[in-house]
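Chemist: sequence unknown, structure follows:
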């Protein structure tokens, strides 16, 4: 799923951390990085941030309830 305009980055990572299954960031090269890893969060996203916001990401979640959590965050913040 593509997510965009994440303004509350800390809340986004809280939602990712609360997911039961794997949540991955798909890079422009097609690599998949584990977003539940703090190291991956900091290293892989450092280049994406623009003024404290994440403009657009492609993420993959494997569990239905995790997809629902992420969708709820995108809709309700």
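Modeler: Yep, that arrived. Note that the structure is predicted; figures quoted are calculated from it, not measured. Numbers count the residues shown, from 1 in each chain.
Chemist: buried set for the helix or strand residue 14 falls within?
Modeler: According to DSSP states H and E, residue 14 maps onto helix 9-18. For helix 9-18, the neighbour count (16 or more other Cβ atoms under 10 Å) marks 12-13, 15-16 as buried. From N, CA and C alone the C-beta is placed, and that goes for glycine too.
Chemist: mind putting the residues you listed in CSV, distance to residue 59 and pLDDT included?
Modeler: Shown next, in CSV, are these (distance: Cβ to Cβ, whole Å; pLDDT from 0 to 100):
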residue, distance to residue 59, pLDDT
12, 10, 87
13, 12, 88
15, 11, 93
16, 8, 92
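Chemist: that older thread, and the helix holding residue 14, what does it pack onto?
Modeler: With contacts taken as 3 or more Cβ pairs under 8 Å, 6 or more residues apart in numbering; DSSP states H and E, helix 9-18 sits against helix 64-76.
Chemist: List the contacts of the helix or strand bottoming out on mean pLDDT in the chain.
Modeler: Counting by mean pLDDT, DSSP states H and E, the weakest-scoring helix or strand in the chain turns out to be helix 38-45, with a mean of 77. Residues outside helix 38-45 that contact it (Cβ atoms under 8 Å, 6 or more residues apart in numbering): 13, 16, 25, 27, 33-35, 54.
Chemist: is it true that residue 70 touches residue 1?
Modeler: Yes. Counting by Cβ atoms under 8 Å, residue 1 is a contact partner of residue 70 at 7.1 Å.
Chemist: Look at these two and report which has more neighbours.
Modeler: Neighbour tally, residue 70 and residue 1, criterion other Cβ atoms under 10 Å: the higher count belongs to residue 70, 19 against 12.
Chemist: thinking again about what came up before, hey, what's in contact with both of residue 70 and residue 1?
Modeler: 59, 61.
Chemist: distance between the ends of stretch 14-27?
Modeler: Stretch 14-27 has its terminal residues 21 Å apart, counting by Cα to Cα, to the nearest Å.
Chemist: From the chain's centroid, how far away is that stretch?
Modeler: Here stretch 14-27 is found 6 Å from its chain centre; the criterion is Cα atoms, centre = their mean, to the nearest Å.
Chemist: And for stretch 69-77?
Modeler: With Cα atoms, centre = their mean, you get 11 Å for stretch 69-77.
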